[in-house]
Structure formats: structure tokens, C-alpha cells
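Novice: Take a look and give me a structure for this.
(chains A and B)
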Amino acid sequence: MAPTDSGIASNLLNIGAERLALLGKHHKALMQGYLDGFIDETAFSEGALKKLIAARILWRPDEQHPLALRPLVSELIASMVADENRRQINADVAEKLEQIRNRVQAYRDAQFKGDYSVAELQLQRLTEHVHDLSGQFEEAIDSLWHRLNSDFGFVASLDDKIRENERAQKQLRRLLDGLDLLDFNELIELSEGNNHLRKLLVSQLQNQLSSHHSSLLEVQKRLVELLAKFRQQQARSMLIANMAAFLRQHPTYQPADYPNRSELPKLFNQAASIVPQAAIALDNASDRQSLAELVRALPRYQPVKLLDTESASFSSVMVDDEIAARQQALKTDVENFYLRVIDQGGKLSALEYLEQQALEWDSEIWLYQIIAEYQALPQDEKQMFAIVRDEAPASSMNQLLLIRDISLHLKAQGQAA
Amino acid sequence: MLQHGPLLERLLAGDFICQVTDEDAFRHLSNEQTQQDINHYLRPLNRRLVSNDDNTVFFLGYFELNKAAREQLSSQFSLTVQSLLPLLEWLQLVQETLGRDSALTAGDTIKLQEFVLRTEDNQSLRHRLNQLASDRFFNSQSEQLDNQVKLIFRRLKEHGYLLQPHHDRQYYVVTGKIDYLIDVIRFIRDEEHLPVDDTPSQEALL
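Specialist: Numbers count the residues shown, from 1 in each chain, chains lettered A, B, ... in the order given. Okay, the predicted model is just below:
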């Protein structure tokens, strides 16, 4: 029996290694197929496709469909890359239990017959089954934590997150139900009188499963909390959107007068602010030292000497006596003009006055000085005069206004006040 | 009471205290003994601590509702009502602009630049922001997107809905006052039986 066994084993080894190598050989195209959901057949040669199909890596779900990865291969990839969108959770415990029972029986039978090599093989298979069972939970728990910790970030919308969370909770309930199927009394009975079995089925498995059980309960608690949070966020988004829509539709909407209700809703009890003020107090002798320091630290006030800016201020920078004298003469003439305006009471044209008095000033400088003098007047005196500019555009094309003449007159006393 | 001096000052000035605005103060306020102490202290000022239903934000209300208090509450209330729509629209706009799958909640961070960038190239968002900025609540005179956004965020900061952790950095954290706003809306909705849903219909669930 043993030689055939090793023959099968070496055959399996060859085929398996060959087919695993196929996965490696076409890794990129197959991974692309995983992402797209179907295989791009042009990426493979005819022979390669045949091999992949024979290796049960690819299949054609039906005639119309393109080739795709077999579900088990997709599952393998999903588990390897922790792709929570496609990762499967296997919560089927009953089947595994059945297998464990059968293996225990086969192992005992072989021992009874004294066929130790078979017994050894059965024990090894049994060990694998036990590990599978534990690994199945481990994988599921890993997947659940992964989804929890990423806040279900692998789906985009809040609605999807809520659905994913509910799906995870269902999976979790199935896993917990599966754990309940495990009856440790039965396992103890199965392993009775055999040290190997006792170690495998009772101490090891029980330990692992009880830790899985508490992990699952923790995940469940967190999932429920997260779902509550999602629901709260969802409710908030909806409230905001719907209330905004309502207010837009009813622009004149006015809620009831809550602040004047006898039973004031606490939300609307928002008091006026009080800002406490404080000033320096000298009645506390011990504070004087620090107050004095504060005063010393104040920035010193340094009066800035302003230049005399009366009327045309450029005059002050001219130091040349002659020019200063001419400047002064111009100022005096302009002042006389203003005095004339006051005496006369009526409207007086600046250029007419210039001509009348036969003054020698250039008309442009004359007008400029009159405006400057007007600008330099204190505000209340300024209001006593009305200044009217006679201006016109420089040309029909140029909107720049040129001043031709200025006329001044006293405003009525009533207006001036 | 001495240790709560700065906190009392903030409360008296009308600040809303939540976990985001002042974590330590918020922790103190969550303690019942401290609440009693503070209320006792505030009694002569006719003030008392008030919190929202979930106790996520604290502020000061009147202890005794005399005439002056009622008048102040009335004017405060009408301000709140006026601000509802602009605030709700802002919340929606931020949610949509930043592509978030849920409404803003206390502690969320908003980067001003990201908001501007995403609005810039989208005519419809740009248009809505323009309208929002010119609302009386924000009252922007500018046509420039950048200025409008800055003004909106500054106003929200002044009103206590946003916190700017670093004065010179343009990012903001949503405060617990948003929770207060939501509570106000929910209250009005419930009291006045407004047709405003906040639970998805059975259809949407399926």
C-alpha cells in the first residue's frame, strides 16, 4: 500500500507544482483578470489558455461569457491582498466537524488494526482539519477587524458602509452560531484515552476557539457601535439637506416664539455676554512695584515735529530768498483775491481779477495757488466759499478735464452754518 | 474656583465650550461637582451653565428669566433663526465640495486651500458659494473666490462654529457648536412637526 501512496504523492507533487508555477508565470495577466472580473484572452497564447483551464485556474461560466478566474482562485487572491470587497468568510463549521469525527474514527480503526503508518497518516490529516477549522475563524476575524479598522473605507458612500456593516454583522452571527456547534463534551469523548487526540482536540482547539469567541464578541461590539455612528451621521446629513430644502421652499418661515414660553427650552437659553473689565488700582501697596515696571515698559511718546504744511507746502523747502519772496508775494495777492470775494459778496472770476489788477502772474500758477489756498483752509472756513471750476475736456478724443478758469463766491450764511 | 478663572471668563464672554475648543475645560465641565460650583458662583450674575442634550457643548444661560433676559433671548433667537439657512447651506456645500460621505461633525478638519481649489473649477459650486457669500449672514462684498471663502470661514470662526488652531495656517477644525446647531434644528423640527425627515425611507434601506 505504501508504494502506491508515495506514487500518488509524487504525481500530486508534480502536477501541483506545475500548476502553481502557472499562476506565477502569468501573474500579471491573472491579477488584471482578478481586477477586471474577466480574462483578456489576447494576453495569452492558445496553449497557455488551455493549460490554465486544465489547471482549474480559469473557467468559462457559460458560452457567452469571457474566461474568468475560478472562484477559489479569486478567493485566494482576495485573502492574500485583504481585498474586503471580495474576501469570503467561510462560517461552515458543521462540515468541518463531520470531517473531524470521520478522521478520528478512521484513526482509531487503523490503530485497532495495528496499521501504524495509516494511523499516522490519519492523525496528520486530522491535525490539518483542526488547523483548518481554527484558521477559518482566524481568517474571518482578521477580515472583520480589517474592515472595522478601515471604517469600511473600501466602499465610498455612507449607505454602502451601513450595508457592509450589516453584512459583517450577519457573518459574525453565523460564525458565532458555528462556534456554538462545537460541543467540547463530544470532543472530550472523541479523544478519550488517547493523548495525541486529547492534546489536539481538547487543549489546543478549545484554547484557540475560546480566544476566537472573545475576539468575535469584541468585533461584534465594535461593529454595533460603528453602525450606530454611521446611522447618526446619515441622520445628520439627511436632516441638514431636508431642513435646508424646507427653508428654501418657505423663505418666510418663522418658528414659534420659544424664548417667551413659560417653559423655556434650554437650547434657547443663551445669555448675553459679560466681558469683565479691570483697571489699575493703586490701593494695594505690594502691587506698586509691578505697576511701576509696567509703566516703565510703556513705549515712550515721542512727538513728531511736523513740517509747516500751510497752503502750498513746496514753498517751505525753497530756501532761496528771492524765490521765497516771490512765493510770499503770490500768496499775498491770492489772499487779497479772497478778501475781495468776501467784500464783494458776489461771484468773482480768478482770471478776470488777475487781468483787472494787472498782476504779473502766469495764469496757470495763479489758478493753482488759488486752489492750493482753498485746500489749505480749515474745514469750517472752506464751507464759506463755493468754488466753481470752469472746465472742459482737453479734446473730443481726450476726456481729461482742463481747468479754464475758477470763480469763487461766498455761500449764504445759512448754508455756511 | 480660582483655577476655573479663565474658563469662567470664556463662558461669560459667550463662548461655547466643547472638546475641540478646550479639552481640559470641557473635562472639568463634565464633572457634576464642578458644574454645581460654577453655577453657585454664577448665581449673583443671573447666569447658569446650560448644555445640549448630549452634553457635548456647554454655554451660559440665564438663571432667572426676567424681562430683560427674555428680550435678550428673543433677539438672540431671531439671530439664530436667520443664521439657520446660511449655515445649513454652508454645511452642505462643504460636504459636497470636499466629497465627504457624511455631514461635518465636531473635530473634522477643513483645509481652506483644498476647498478653494475644488470650488474654483466647478461652475455650479462656484455659483452656490457666490450666493452664500453674499447672504446677509456672511455679507461679502467681494467678487473674488479667495476673499469670499476667507470671509465665510472668518465669520464662522467669529460665531464659534470653527476653530483655527494656528493663526497663520489656513485650516479649521469644526467645533461642538455644530452639534448645538443640529440640536436646535431637530428641536424646531420636532416642535413644529415640520416635514423634514432624518431617517432613510424603507426603500432607501433596501
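Novice: For the longest helix along chain B, buried residues please.
Specialist: Scanning chain B for the longest helix, with DSSP state H as the assignment, gives helix B:67-97. If you call a residue buried by 16 or more other CB atoms under 10 Å in any protein chain shown, then helix B:67-97 has these buried ones: B:69, B:73, B:76-77, B:80-81, B:83-95, B:97. From N, CA and C alone the C-beta is placed, and that goes for glycine too.
Novice: give me the subset of those touching chain A.
Specialist: B:69, B:73, B:76-77, B:80-81, B:84-85, B:88-89, B:91-92, B:95 (CB under 8 Å from any CB of the partner chain).
Novice: just these now: which is nearest residue A:196?
Specialist: residue B:95 (61.2 Å; CB to CB).
Novice: now the helices for chain B?
Specialist: In chain B, the helices defined using DSSP H lie at B:5-12, B:23-29, B:32-42, B:67-97, B:112-120, B:123-133, B:145-158, B:177-192, B:202-205.
Novice: which residues touch the second one?
Specialist: When you say that, I think you mean helix B:23-29. Contacts of helix B:23-29 from elsewhere in the structure, counted by CB atoms under 8 Å, 6 or more residues apart in numbering or on different chains, are B:4, B:6-7, B:10, B:17-19, B:34-35, B:38, B:49, B:51, B:58.
Novice: Can you pull up the residues of the stretch 201-350 of chain A that come close to chain B?
Specialist: So far as CB under 8 Å from any CB goes, the stretch 201-350 of chain A lies against chain B at A:233-244, A:246-248, A:254-260, A:264-276.
Novice: Of the residues you listed, select the buried ones using a ChimeraX command.
Specialist: Applying 16+ other CB under 10 Å to these, the buried members can be selected in ChimeraX as follows:
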select /A:233,234,235,236,237,238,239,240,241,242,243,244,246,247,255,258,259,264,267,268,269,270,271,272,274
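Novice: pLDDT of stretch A:340-350, averaged?
Specialist: Stretch A:340-350 shows a mean pLDDT of 82.
Novice: If you count neighbours, what's buried in that stretch?
Specialist: Buried, per 16+ other CB under 10 Å, within stretch A:340-350: A:341, A:348, A:350.
Novice: okay, how far is it across it, tip to tip?
Specialist: Taking CA to CA, to the nearest Å, stretch A:340-350 runs 11 Å from one end to the other.
Novice: likewise stretch B:136-147?
Specialist: Note: stretch B:136-147 ends 16 Å apart using CA to CA.
Novice: Contacts for it next, please.
Specialist: The contact list for stretch B:136-147, computed with CB under 8 Å, 6+ apart, reads B:82-83, B:86-87, B:116, B:119-120, B:126, B:129, B:132-134, B:148, B:151-152, B:155.
Novice: Just the buried ones out of these, please.
Specialist: Neighbour counting over those (16+ other CB under 10 Å) leaves B:83, B:86, B:87, B:116, B:119, B:129, B:132, B:133, B:148, B:151, B:152, B:155 as the buried ones.
Novice: which two from the residues you listed end up farthest apart in space?
Specialist: Among the buried ones among the contacts of stretch B:136-147, the pair separated by the greatest distance (CB to CB) is B:83 and B:116, at 23.0 Å.
Novice: And for the residue of the stretch 301-417 of chain A at minimum distance from chain B, the neighbour number?
Specialist: Proximity of the stretch 301-417 of chain A to chain B (CB to the nearest CB) peaks at residue A:399, 26.3 Å away. Neighbourhood size, residue A:399 [other CB atoms under 10 Å in any protein chain shown]: 8.
Novice: quick check: domain ranges of chain B?
Specialist: Per automatic domain parsing, the structural domains of chain B span B:2-62, B:80-192.
Novice: okay, those domains in a markdown table with distance to residue A:145 and mean pLDDT next?
Specialist: Formatted as a markdown table, these follow (distance: least, CB to CB, whole Å; pLDDT from 0 to 100):
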| stretch | distance to residue A:145 | mean pLDDT |
| --- | --- | --- |
| domain B:2-62 | 27 | 90 |
| domain B:80-192 | 22 | 90 |
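Novice: Which among those is found nearest to residue A:391?
Specialist: With CB to CB as the criterion, residue A:391 lies closest to domain B:80-192 of the domains of chain B, at 32.7 Å.
Novice: Low-confidence bits of chain A, can you list those?
Specialist: Chain A contains residues with pLDDT under 70 at A:1-6, A:91, A:303-319, A:412-417.
Novice: Could you rerun that using 80?
Specialist: Scanning chain A for pLDDT under 80 picks out the ranges A:1-9, A:82-92, A:153-156, A:276, A:279-285, A:299-322, A:344-346, A:380, A:393-399, A:411-417.
Novice: Find me whatever residue is spatially closest to residue A:29, sequence neighbours aside.
Specialist: residue A:43 (4.3 Å; CB to CB, 6 or more residues apart in numbering or on different chains).
Novice: same question but for residue A:70, I mixed them up
Specialist: Computed as CB to CB, 6+ apart, the closest residue to residue A:70 that is not its neighbour in sequence is residue A:59, at 5.2 Å.
Novice: Name whatever forms a beta bridge with the one you found.
Specialist: Residue A:59 has these beta-bridge partners by DSSP bridges: residue A:68.
Novice: Is there a neighbour count for the nearest residue to residue A:150 once chain neighbours are set aside? I'd like the number.
Specialist: Residue nearest to residue A:150 in three dimensions, not counting chain neighbours: residue A:84, with 7.5 Å by CB to CB, 6+ apart. When neighbours are defined as other CB under 10 Å, residue A:84 has 18 of them.
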